[in-house]
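Sequence and predicted structure below; questions after.
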Amino acid sequence: MDKDTYATALKNTLTEVRNICPDISCSFIFTREGMVIAGDEQSANVPVEKTVNSFQSLMEKAATIGGLYTMIVNGSKGKVHISSVNDMYLVISTSKNADMTYVHSIANVIVPTVLKLLKSVAPTPPKTAPAQQLIVESISGFFVGDTVQVDEEILRQWLKDFKGKSVGEVEVEVESFGGKVVQCKVKAISDSKYEGKGLIRIPEKVARELQVNEGELVRIKPVKP
């Protein structure tokens, strides 16, 4: 089973679950590396990447106490249920008065069963390119343009992840809750003295748009070629 078929099967499952339970506003599944595998039809209308990045920060902090497997956030307008499912995470957003017993059944029975069936066809989930956390190094000059620069090794890894297709653009997001996101062209670092240091060289114009300074962390994700 290829990646698109796997994702479509999960998307259809989540969409049908939402149709059955109107209290669910949207749902999606992402990997421990932060890659969104699939979401229902409504997930396209919400900032899922920001939710994933925020939850990943919590996971890193929770690692010191044995990990984080289930979390419920109660908001003024609704609830968000996040749970670990088969080495991935399921996010379900619901109305304020949703029946959480039913939501738990979806998270603990329905979705795991579907994933188990898919695993019998595809032994492992399709490999995706994980997001990268890098340190900002600003660059300036008349010919800099809007292209960010990363280590060539990252580009080579993405080339493998996408089966020989070169990644020409990335999403750059500030490492904070609600941080800004900018999509840019990407190329290998041109100055050898900056290679292998975990840096992303960002033109000053792009850095101002992101409201990020040198030395701060950003997360980058390849745009599927």
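Yes, it's here. Numbers count the residues shown, from 1 in each chain.

From residue 17, how far out is residue 38?
Distance, residue 38 to residue 17, by Cβ to Cβ, to the nearest Å: 12 Å. Where C-beta positions appear, they are placed from N, C-alpha and C, glycine not excepted.

Correction: the previous question concerned residue 211.
Going from residue 211 to residue 17 by Cβ to Cβ gives 38 Å.

returning to that earlier point: residues that sit against both of residue 38 and residue 17, list them.
Overlap of the contact sets of residue 38 and residue 17 (by Cβ atoms under 8 Å, 6 or more residues apart in numbering) is empty.

What are the structural domain limits within this protein?
3-121, 132-222 (automatic domain parsing).

Distance from the chain centre to the shortest one, please.
Centroid separation between domain 132-222 and its chain, computed with Cα atoms, centre = their mean, to the nearest Å, is 16 Å.

which stretches of this protein aren't confidently modelled?
1-4, 33, 44-51, 53-54, 56-57, 59-68, 121-130, 175-179 (pLDDT under 70).

In CSV, list the domains of the chain along with mean neighbour count.
Formatted as CSV, the domains of the chain follow (neighbours: other Cβ atoms under 10 Å):
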stretch, mean neighbour count
domain 3-121, 16
domain 132-222, 16
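
Name the nearest residue to residue 140, ignoring sequence neighbours.
On the basis of Cβ to Cβ, 6 or more residues apart in numbering, the spatially nearest residue to residue 140 that is not a chain neighbour turns out to be residue 204, at 4.8 Å.

Hmm, the one you found is touching residue 138, no?
Yes: with contact defined as Cβ atoms under 8 Å, residue 204 reaches residue 138; the gap is 5.4 Å.

Checking residue 155 next. Helix, strand or coil?
Applying DSSP: H, G, I helix; E, B strand; the rest coil to residue 155 yields a three-state assignment of helix.

With residue 101 instead?
Following three-state DSSP, the label given to residue 101 is helix.

Quick check: end-to-end length of stretch 147-164?
Stretch 147-164 has its terminal residues 21 Å apart, counting by Cα to Cα, to the nearest Å.

who does the helix ranked longest in the chain touch, helix- and strand-wise?
In terms of residue count, the longest helix belonging to the chain (DSSP state H) is helix 3-20. With contacts defined as 3 or more Cβ pairs under 8 Å, 6 or more residues apart in numbering; DSSP states H and E, the secondary structure elements packing on helix 3-20 are strand 24-31, strand 36-39, helix 111-121.

of these, which approaches residue 144 most closely?
Nearest to residue 144 among the helices and strands packed on helix 3-20 is strand 36-39; the distance by Cβ to Cβ comes to 31.1 Å.

And that closest one, how far out from the chain middle?
Put simply, strand 36-39 sits 9 Å off its chain's centre (Cα atoms, centre = their mean).

With stretch 17-27 instead?
Mean-position distance between stretch 17-27 and its chain equals 21 Å (Cα atoms, centre = their mean).

mind saving the C-alpha coords of the longest helix of the chain as CSV?
Extracted as CSV, the C-alpha positions of helix 3-20 are listed here (Å, rounded to 0.1, in the frame of the first residue of the first chain):
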residue,chain,number,x,y,z
LYS,A,3,1.4,6.5,1.1
ASP,A,4,-1.5,8.1,-0.7
THR,A,5,-3.7,5.0,-0.4
TYR,A,6,-2.9,4.7,3.3
ALA,A,7,-3.7,8.4,3.9
THR,A,8,-6.9,8.2,1.9
ALA,A,9,-8.1,5.2,4.0
LEU,A,10,-7.5,7.0,7.2
LYS,A,11,-9.0,10.3,5.9
ASN,A,12,-12.2,8.4,4.9
THR,A,13,-12.4,6.8,8.3
LEU,A,14,-12.1,10.1,10.2
THR,A,15,-14.6,11.7,7.9
GLU,A,16,-17.2,8.9,8.4
VAL,A,17,-16.6,9.1,12.2
ARG,A,18,-17.3,12.9,12.0
ASN,A,19,-20.5,12.2,10.0
ILE,A,20,-21.7,9.8,12.7
